[in-house]
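Visitor: Let's see this in three dimensions:
(2 chains)
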Number of protein chains: 2
Amino acid sequence: MAVNLKQLAEILGLSQTTVSRALNGYPEVNAETRQRVLQAVRETGYRPNRAAQRLATGKAYSIGLVMPIAAGIDSDIHFGEFLAGLAEESVKHDFHFVLNPSAPDDEEATFRRLAASGNVDAVFLAYMRPNDPRIPMLKALSIPFVVHGRSIGGPRDYPFLDVDNTQAFYDATKLLLQLGHHRIALINGPDYLAFSIRRKKGVTRALTEWGLGLDEELVHHSVMADEYGYRSMQHFLERPDPPTAVLCSSTVLALGAVRAINRAGLAIGSDISVIAHDDVLPMLKPENFSVPLTTTRSSLRAAGARIATRLIGGIIGRGDYPEQELWRAELIVRASTGPAPGR
Amino acid sequence: MAVNLKQLAEILGLSQTTVSRALNGYPEVNAETRQRVLQAVRETGYRPNRAAQRLATGKAYSIGLVMPIAAGIDSDIHFGEFLAGLAEESVKHDFHFVLNPSAPDDEEATFRRLAASGNVDAVFLAYMRPNDPRIPMLKALSIPFVVHGRSIGGPRDYPFLDVDNTQAFYDATKLLLQLGHHRIALINGPDYLAFSIRRKKGVTRALTEWGLGLDEELVHHSVMADEYGYRSMQHFLERPDPPTAVLCSSTVLALGAVRAINRAGLAIGSDISVIAHDDVLPMLKPENFSVPLTTTRSSLRAAGARIATRLIGGIIGRGDYPEQELWRAELIVRASTGPAPGR
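Guide: Numbers count the residues shown, from 1 in each chain, chains lettered A, B, ... in the order given. Now for the predicted structure:
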């Protein structure tokens, strides 16, 4: 069993008050003593004040998450990356997560149970859908929350952090239009998720400004796996009038798309241009593709860390953060985009 | 707030006893009533008996996990996949996770705190190292646990589920030897992890049986990211005596290795053979590579689900599971392996 404050103080030959002050960062304690205390905390596994703090404050020092899952439904690589960001920040404040797995059609009830359990001080929400019922529900439950992403429709006054997906795909499409591309395909995320809807909207907006329309035949929606990127691209290339450029909602989809292009014997950046959204997944970097990929970049991990900062700041009453943040993705031009063929 | 049993019974116009029996699967309750009750549980977010069960049994109905994390340390795609397996099984039993993020050098103390917190009934352990100190610690703390993987050295009587990594890489190497390959390279996981050590041992064993030795110059260790697969392979190909075959500890590493081989203008399956370990990551399937990859296959997600079954079975006292399981990976031959050049 881990030691308590009294035992820790005895081990160190210090008073409980001194140990407690050292742990809470009071300036009266000198650096050397603080180091000794922290070293002893490591060695004994003492959790600074948490048990007592729990009793005194009624806080759980934890953030609630729901993980949609079911047999036969693939895991989502983006969930792990986001979790890494949340964790990176939470570990600094000795916060933990309560993670409730949930069948995808039972998420609302799972959030309700999580909020009512008393095990968490706040919850994190993602995978936003249009008119997402979880937002009014959490508002009614009066539990603090921050949304990653945004719903479409419904209440507007809720805390979120989102990437400006419309702008990102508008910027990417505009680059392609400036390069002379007119037939532009989109390999997008699932069609029921808000980010996918917004990205498609960005593409449409840029095309409309150029006096063009989006050809629905050149839009595919799927989960973010290599396989679907390949299939969609292969399908597009088999058309009598194939696109000269393609936008992919993930570097993972782009991986498959690039393979289909290579197999068709086409050259990326000259025969066909490719732009992908880059969540900055460490296992797959766009600059390392055979032809380095032009991307719209926004780090999922950084978003996770920021949301943890805001949630924890709210719980411990430190810091003053904006309620709503919209991050602009960065357009990074690499070799996968070039002038439309024959231009 | 979620409703309680009494309110749920009122909503349904049934007695509390009937609702309770329906939820606990008693055969006296007919199917139609059970369906009505389950429907109401969904709509109201009622958590069947958990709060009362917690009080009565002292159980938390949760599994503890530690997620190693630090700023600047990449997330691990395999962690998310394993979590999906644990979650897939846990959701069936209304179990949740308590996930403690931890600095990599603080994992032992984090486990100690987690076990002492009373928030979890059992813990899950992974990323095994030789003589891993967490095994004797958890045994001493008397908290149930199951290890994914195995340590090397130290106590042997602890519950685990592991893939037979030595055998898997022995089998893969033997296939290459039978095809006439003598210069075999290994792009392995981190050198301080037990699975990497065992895979290397499997390669060495097969080579030794063939009267050959493993050339240490042809062994690289790194985290499992595309980039490192590329760099390692490029390095091997620049040697005066490049290998004719390469083993990769992950399909993610193989992705980079394949790119380096393509860039060098070599043909996979004839100039150079490739075998990868396949954790069955849904975002990257070996059969979809340009040249389909020969693999040693073992599903991480299935391992997660199995460990959850064993942990939960132990907590609720149902089922009788083996303490130690060693899964054999399946060797699946595809087009990336062929006879050694000039043979």
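Visitor: from here on, contacts and neighbour counts on C-alpha atoms
Guide: Will do.
Visitor: Okay, now the unreliable bits of chain A?
Guide: For chain A, the stretches flagged by pLDDT under 70 are A:1-2, A:23-27, A:47-56, A:343.
Visitor: Walk me through the domains of it.
Guide: A:5-57, A:62-163+A:300-327, A:165-297 (automatic domain parsing).
Visitor: mind putting those domains in TSV, distance to chain B included?
Guide: Listed next are the domains of chain A as TSV, based on distance: least, Cα to the nearest Cα, whole Å:
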stretch	distance to chain B
domain A:5-57	4
domain A:62-163+A:300-327	4
domain A:165-297	4
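Visitor: Same list (those) but as a markdown table, adding mean neighbour count.
Guide: What follows is the domains of chain A, written out as a markdown table (neighbours: other Cα atoms under 10 Å in any protein chain shown):
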| stretch | mean neighbour count |
| --- | --- |
| domain A:5-57 | 15 |
| domain A:62-163+A:300-327 | 19 |
| domain A:165-297 | 21 |
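Visitor: surely residue A:122 meets residue A:145?
Guide: Yes. Contact criterion Cα atoms under 8 Å: residue A:122 and residue A:145 qualify, at 5.3 Å.
Visitor: so what sits against both of those two?
Guide: Residues touching both residue A:122 and residue A:145 by Cα atoms under 8 Å, 6 or more residues apart in numbering or on different chains: residue A:311.
Visitor: Would you map the helices across chain A?
Guide: Using DSSP state H, the helices found in chain A span residues A:5-12, A:16-23, A:31-44, A:50-57, A:77-90, A:107-116, A:134-141, A:165-178, A:194-209, A:226-237, A:251-263, A:300-316.
Visitor: Residue A:147 bridge partners, please.
Guide: Assessed by DSSP bridges, residue A:147 has beta-bridge partners residue A:125, residue A:160.
Visitor: Contacts only, for it.
Guide: Listed by Cα under 8 Å, 6+ apart, the contact partners of residue A:147 are A:124-126, A:158-161.
Visitor: Not counting residues beside it along the chain, what's closest to residue A:93?
Guide: Closest residue in space to residue A:93, ignoring its immediate chain neighbours: residue A:312 at 8.0 Å, by Cα to Cα, 6 or more residues apart in numbering or on different chains.
Visitor: Report the separation between the one you found and residue A:96.
Guide: 11 Å (Cα to Cα, to the nearest Å).
Visitor: Could you do residue A:187 as well?
Guide: For residue A:187, the distance to residue A:96 - Cα to Cα - is 36 Å.
Visitor: Tell me who's in contact with the residue nearest the centre of chain A.
Guide: Most central in chain A under Cα atoms, centre = their mean is residue A:300, positioned 3.7 Å from the mean C-alpha point. Residue A:300 is in contact with A:78, A:81-82, A:85, A:279-281, counting by Cα under 8 Å, 6+ apart.
Visitor: mind redoing it with 6 Å?
Guide: Residue A:300 sits next to A:82, A:279 when contact means Cα atoms under 6 Å, 6 or more residues apart in numbering or on different chains.
Visitor: With residue A:308 instead?
Guide: Counting by Cα under 6 Å, 6+ apart, residue A:308 has contacts residue A:86.
Visitor: now do residue A:88
Guide: By Cα under 6 Å, 6+ apart, residue A:88 lies in contact with B:69-71.
Visitor: do you know which of the domains of chain A lies nearest residue B:304?
Guide: Ranking the domains of chain A by proximity to residue B:304 (Cα to Cα) places domain A:62-163+A:300-327 first, at 12.2 Å.
Visitor: Now do the end-to-end distance for that closest one.
Guide: End-to-end span of domain A:62-163+A:300-327 (Cα to Cα): 26 Å.
Visitor: isn't residue A:189 right up against residue A:221?
Guide: Yes. Contact criterion Cα atoms under 6 Å: residue A:189 and residue A:221 qualify, at 5.2 Å.
Visitor: Can you give the distance from stretch A:149-160 to the centre of its chain?
Guide: Relative to its parent chain, stretch A:149-160 has a centroid offset of 16 Å by Cα atoms, centre = their mean, to the nearest Å.
Visitor: Output it as PDB - backbone C-alpha positions only.
Guide: The C-alpha trace of stretch A:149-160 is given here as PDB (Å, rounded to 0.1, in the frame of the first residue of the first chain):
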ATOM      1  CA  GLY A 149     -15.400  19.800 -32.900                       C
ATOM      2  CA  ARG A 150     -18.800  21.500 -33.200                       C
ATOM      3  CA  SER A 151     -22.300  20.400 -34.000                       C
ATOM      4  CA  ILE A 152     -24.300  21.800 -36.800                       C
ATOM      5  CA  GLY A 153     -27.600  23.300 -35.700                       C
ATOM      6  CA  GLY A 154     -28.900  23.200 -32.100                       C
ATOM      7  CA  PRO A 155     -27.600  25.400 -29.300                       C
ATOM      8  CA  ARG A 156     -24.600  27.600 -30.100                       C
ATOM      9  CA  ASP A 157     -23.500  28.600 -26.600                       C
ATOM     10  CA  TYR A 158     -21.300  25.700 -25.500                       C
ATOM     11  CA  PRO A 159     -17.600  25.300 -24.900                       C
ATOM     12  CA  PHE A 160     -15.700  23.900 -27.900                       C
END
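Visitor: What lies in contact with that stretch?
Guide: Residues from elsewhere that reach stretch A:149-160, judged by Cα under 6 Å, 6+ apart: A:128-132, A:146-148, A:161-162, A:323-324.
Visitor: if we can go back for a sec, now tabulate the helices of chain A in JSON lines and tack on distance to residue A:271.
Guide: Converted to JSON lines, these look like this (distance: least, Cα to Cα, whole Å):
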{"stretch": "helix A:5-12", "distance to residue A:271": "69"}
{"stretch": "helix A:16-23", "distance to residue A:271": "62"}
{"stretch": "helix A:31-44", "distance to residue A:271": "58"}
{"stretch": "helix A:50-57", "distance to residue A:271": "61"}
{"stretch": "helix A:77-90", "distance to residue A:271": "31"}
{"stretch": "helix A:107-116", "distance to residue A:271": "44"}
{"stretch": "helix A:134-141", "distance to residue A:271": "45"}
{"stretch": "helix A:165-178", "distance to residue A:271": "13"}
{"stretch": "helix A:194-209", "distance to residue A:271": "20"}
{"stretch": "helix A:226-237", "distance to residue A:271": "11"}
{"stretch": "helix A:251-263", "distance to residue A:271": "9"}
{"stretch": "helix A:300-316", "distance to residue A:271": "31"}
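Visitor: which stretch among those helices comes nearest residue B:10?
Guide: For those, proximity to residue B:10 was assessed by Cα to Cα; helix A:107-116 is nearest, at 19.0 Å.
Visitor: Give the other helices and strands that that closest one contacts.
Guide: Contact partners of helix A:107-116 among helices and strands, from 3 or more Cα pairs under 6 Å, 6 or more residues apart in numbering or on different chains; DSSP states H and E: none.
Visitor: Give me the angle between that helix and helix B:31-44.
Guide: Angle, helix A:107-116 to helix B:31-44, by axes from the mean of the first three to the mean of the last three Cα atoms, to 10 degrees: 60 degrees.
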